[in-house]
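1. return atomic coordinates for the entry below.
(chains A and B, ligands or ions: 2)
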Amino acid sequence: MKIIVLVKQVPEVADVKVNPETGTLIRDGVPSILNPFDELAVEEAIRLKEKYEGEVTVITMGPPQAVDVLYKAMAMGTDKAIHMTDRIFAGADTWVTALTLAEQIKKMEYDIVICGKQAIDGDTAQVGPEIAEILRIPQICYVRKLEIDDNGKHVIAHRENDEGYEVIRAKMPVLLTATKGLNEPRLPNIMGIMKAKKKPLEVVTAATLGVEEDRLGLKGSPTTVRKVFPPPKKAGGIIVEADDPKEVAKKLVEFLLQKGAF
Amino acid sequence: MGLIFDRDKCTGCMLCPKSCNFGAIEKDDDKVKFDLDKCVLCGSCEEVCPADAIFIERQIIDKEAIAQYKDVWIVCEPHDGRLRSFSYELVTKGRELADKLGEKVVALLIGHEVEGLAESLIHQGADKVLVVDDKILAEYTTDAYTIAVVSLITPRKPAIVLYGATSNGRDLAPRVAARLQLGLTADCTGLDIDDERQLVQTRPAFGGNIMAEILCPYTRPQMATVRPNVFKPTERDTSRTGEIEKVEIKISPVQIRTRVMEKVSEITEGMISVEEADIVVCSGRGIKEPANLELPRELAKLLDAAVGGSRPIVDLGWLPPTQQVGQSGRTVSPKLYFALGISGAIQHCAGMGTSEIIVAINKDPDAPIFGIADYGIVGDIFAILPEIIAEIKRVQAER
Ligand SMILES: Cc1cc2nc3c(=O)[nH]c(=O)nc-3n(C[C@H](O)[C@H](O)[C@H](O)COP(=O)(O)OP(=O)(O)OC[C@H]3O[C@@H](n4cnc5c(N)ncnc54)[C@H](O)[C@@H]3O)c2cc1C
Ligand SMILES: Nc1ncnc2c1ncn2[C@@H]1O[C@H](COP(=O)(O)O)[C@@H](O)[C@H]1O
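-> Ligands and ions are numbered 1, 2, ... in the order given. This next block holds a predicted model:
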């Protein structure tokens, strides 16, 4: 079984602070991590390989330092990695990100492509389905549980929806996006980290990808970010000590009624 | 291509590094320099530069082609014989946008045996409802719904298409966008029309730490998924009239590559989905034991609210994953949110920070949840919550 996993390096959003004076993000000193949902994707791919044999390739598109997440995925157990890195790729929105990654995937053999549900920096959850469309393969988003059918040709996935989940069967090749509950990702051990350094890592640029510059990066992106700004500040809320629970409850309900909250 | 910096024009005023959200601009002698690996080409610097030394090269707009696209479309979501509430919210919002443009609101009703719902969308403010009714659409599948939506969009050329940011909406919209090679803005919390008649799409990013305004200047339709519960539906006007058009779209079973074998609802009886509820009562680790969830359940029942949980209590299996609020769970934006024994970690707040009124009860006066609470009560849930329940019962009995 040939599996491709797509991973993204993201800032640890919990550590992202906003500069109160300028209202801009302070990213200095904020650690970069492997997107947590992509960690689930990597783990699932490795488990499939362990069970059914095959090969797992991990791909990222990102700046030079994003290579760290590829090494992490290889330390966990993926076989090889592709780093798509080029200034021309910069400024890509989800459509161009998907296009760039899909153009690379088109050159490869695969049965399953696994993405994370969403990247925690942008939270869009769009890149996976967009890649599936460009590759013209079916997609199953928000997968919580995955099985391979006995015939070895179909996946059976539990897809989380608004009410619970649905069990979906689809023929490979298929694209899946991983959500919480799919597995518990392993921590890379020392052996894995040592081995990762020796695994093949290919670098792909716009030139080696063979896609015209106009279709890539900012230039190819249909969306543009006009402005970023800090979220509107809440007017300081009311904070009370609950010395007298009865009284506090009364005041709260009064407040809620006045606001028409129920 | 990309960012063009004219160093000769730069006066070294240092306004641009201050405007950069991505730490991509640094002082360089008496001028600035750019780290293009950090730059996302958002254009903030271009906007503040008084010397026109920064230019971000973008595509050229074909105004004539764009002018052919008209109307605001809402992709509604029938579910269990009714419409998911965002459908009405978006028709209301769509009405406002269409009025600014002097165009129409068109609601898309796709499913099986759904025609009966069309009228309510007209009452809500739609000028027209396009109904695609077919057995093959009885259940949501990515392939069938993509074909339906794309087949409607392509010949009719809407200017704007809005989807609900639900599980299905976020599965469908990117698929449609990719097929039509369009931009798509995820999970919007604000929508407006600017002076150039463009859709301004506002959405939170970085776990809600920052808001971004996104445009789609070069392509049409402009498409976005919109977070449920952010916009409020107006009163329905039953005297409103409009057009209902049935459209037949050929979809063959062989075009559908996924098969739904089983559907499992985890929302136990009486439990409402957190994403759709007007009021969410959410408990965290402070609730201590699963049996104690009876208290929030009772409050929820009184208020017709959904029962939610922070990640730890969902991980413990005390509530199903559908009820988890936060970054790795559901994003909610109700009128009223109760945070009971929740510390307010950023990952939790990312999923509920846009709620209208946040009430927090926590023993710890320094809990970060108090930073975003409209009404914070420092104290013990088990002492206060029963009193709140009693007080609400009293008030309701008086009504
Ligand atoms: C990648 C990632 C994704 C995550 N996604 C999510 C997510 O989607 N949703 C989510 O919720 N979390 C998420 N988390 C976890 C998050 O960081 C926090 O760990 C979690 O939200 C804490 O839950 P809590 O507030 O219930 O528990 P705690 O942080 O343990 O807080 C419990 C609170 O209860 C108070 N308390 C205790 N007893 C009482 C009492 N008797 N009366 C009143 N107050 C009391 C305490 O003072 C404390 O503040 C994520 C973390 C990561 C790393
Ligand atoms: N630059 C990237 N390189 C590789 N994979 C990516 C990239 N961006 C997004 N992805 C994949 O797409 C998923 C969804 O990302 P997003 O649509 O940005 O929320 C992620 O979890 C990754 O699996």
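2. quick check on residue A:38: phi, psi?
-> Note on residue A:38: backbone dihedrals following degrees, to the nearest 10 are phi -70, psi -30.
3. pretty sure it sits against residue A:9.
-> No. Counting by CB atoms under 8 Å, residue A:38 does not reach residue A:9; the two are 9.2 Å apart. For glycine as for every other residue, the C-beta is placed from the backbone atoms N, C-alpha and C.
4. so between the two, which is more surrounded?
-> residue A:38 (31 against 22; other CB atoms under 10 Å in any protein chain shown).
5. what residues does that one make contact with?
-> With contact set as CB atoms under 8 Å, 6 or more residues apart in numbering or on different chains, residue A:38 has these partners: A:5, A:6, A:7, A:8, A:69, A:115, A:116, A:119, A:178.
6. give me the neighbour count for the second one.
-> Okay, so that is residue A:6. 29.
7. go on, the last one?
-> Using other CB under 10 Å, residue A:178 is surrounded by 29 other residues.
8. could you measure from it over to chain B?
-> Residue A:178 sits 11 Å away from chain B, going by CB to the nearest CB, to the nearest Å.
9. got the phi/psi numbers for that residue?
-> According to degrees, to the nearest 10, residue A:178 has phi -90, psi 130.
10. doesn't residue A:116 make contact with it?
-> Yes. Using CB under 8 Å, residue A:178 is in contact with residue A:116, at 5.6 Å.
11. spatially nearest residue to residue B:377 (excluding sequence neighbours)?
-> Distances taken as CB to CB, 6 or more residues apart in numbering or on different chains place residue B:361 nearest to residue B:377, at 4.7 Å, with adjacent residues excluded.
12. pLDDT at the one you found, what is it?
-> Listed pLDDT for residue B:361 reads 98.
13. pretty sure it contacts residue B:381?
-> Yes. With contacts counted by CB under 8 Å, residue B:361 reaches residue B:381, the gap being 5.3 Å.
14. what residues are shared contacts of the two?
-> Joint contacts of residue B:361 and residue B:381 (CB under 8 Å, 6+ apart) are B:340, B:341.
15. between the two, tell me which one has more neighbours.
-> Ranked by neighbour count (other CB under 10 Å), residue B:361 and residue B:381 place residue B:361 first, with 29 against 23.
16. I'd assumed residue B:4 was in a helix, is it?
-> No. The assignment for residue B:4, made by DSSP: H, G, I helix; E, B strand; the rest coil, is strand rather than a helix.
17. and the gap between the residue nearest to it when sequence neighbours are not counted and ligand 2?
-> Once flanking residues are discounted, residue B:4 sits nearest to residue B:55: 4.5 Å by CB to CB, 6+ apart. Distance check for residue B:55 against ligand 2: by CB to the nearest ligand atom, to the nearest Å, it reads 26 Å.
18. got it, and residue A:5?
-> Counting by CB to the nearest ligand atom - residue A:5 and ligand 2 are separated by 7 Å.
19. got the contact list for that residue?
-> A:38, A:41-42, A:45, A:56-59, A:73, A:78, A:113-115.
20. can you name the residue of chain A nearest ligand 2?
-> Closest to ligand 2 within chain A is residue A:116: 2.5 Å, counting by CB to the nearest ligand atom.
21. can you give me the neighbour number for that residue?
-> 26.
22. for it, what are phi and psi?
-> In terms of degrees, to the nearest 10, the main-chain angles of residue A:116 are phi -80, psi 160.
23. what is the three-state secondary structure of the nearest residue to residue A:160 once chain neighbours are set aside?
-> Leaving aside its chain neighbours, residue A:160 sits nearest to residue A:142 (4.2 Å; criterion: CB to CB, 6+ apart). With three-state DSSP as the basis, residue A:142 sits in strand.
24. quick check: residue A:142 touching residue A:117?
-> Yes. Using CB under 8 Å, residue A:142 is in contact with residue A:117, at 5.6 Å.
25. ok, the closest residue to ligand 2 within the stretch 1-150 of chain B - contacts?
-> Nearest residue of the stretch 1-150 of chain B to ligand 2 (CB to the nearest ligand atom) works out as residue B:40 at 11.9 Å. By CB under 8 Å, 6+ apart, the residues touching residue B:40 are A:90, A:91, A:225, B:22, B:24.
26. lowest-confidence entry in those residues?
-> residue B:22 (77).
27. can I get the contacts of residue A:5 in CSV with pLDDT?
-> Formatted as CSV, the contacts of residue A:5 follow (pLDDT from 0 to 100):
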residue, pLDDT
A:38, 98
A:41, 98
A:42, 98
A:45, 98
A:56, 98
A:57, 98
A:58, 98
A:59, 98
A:73, 98
A:78, 98
A:113, 98
A:114, 98
A:115, 98
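28. mind checking which of these are buried?
-> If you count burial by 16 or more other CB atoms under 10 Å in any protein chain shown, the buried members of these come out as A:38, A:41-42, A:45, A:56-59, A:73, A:78, A:113-115.
29. in chain A, which spans are helices?
-> A:36-52, A:67-76, A:94-106, A:127-135, A:190-196, A:206-209, A:217-220, A:245-258 (DSSP state H).
30. same question for the stretch 251-399 of chain B.
-> Using DSSP state H, counting those that start in this stretch, the helices of the stretch 251-399 of chain B run over residues B:294-303, B:311-315, B:346-349, B:381-398.
31. now the second one: buried residues?
-> With burial defined by 16+ other CB under 10 Å, the residues of helix B:311-315 counted as buried are B:311, B:312, B:313, B:314.
32. next one: the shortest one
-> Residues of helix B:346-349 classed as buried: B:346, B:347, B:348, B:349 (neighbour count, 16+ other CB under 10 Å).
33. what's the mean pLDDT across it?
-> 89.
34. repeat that for the first one.
-> Looking at helix B:294-303 alone, the average pLDDT works out to 96.
35. tally of neighbours for residue 190?
-> Just going to use chain A. For residue A:190, using other CB under 10 Å, the count is 8.
36. not quite, go with chain B.
-> Residue B:190: 17 neighbours (other CB under 10 Å).
37. how near is it to residue B:352?
-> Separation of residue B:190 from residue B:352 (CB to CB, to the nearest Å): 17 Å.
38. with residue A:170 instead?
-> Residue A:170 is 33 Å from residue B:352, by CB to CB.
39. okay, now the unreliable bits of chain A?
-> A:20-24 (pLDDT under 70).
40. ok, stretch A:150-164 near ligand 1 or not?
-> No. Contact of stretch A:150-164 with ligand 1 (CB under 6 Å from any ligand atom) is absent, the minimum separation being 13.0 Å.
41. what helix or strand is residue B:33 located in?
-> Using DSSP states H and E, residue B:33 sits in strand B:31-34.
42. ok, back up a step: tell me if the residue of the stretch 1-150 of chain B closest to ligand 2 really is in a strand.
-> No. Under three-state DSSP, residue B:40 sits outside any strand and is assigned coil.
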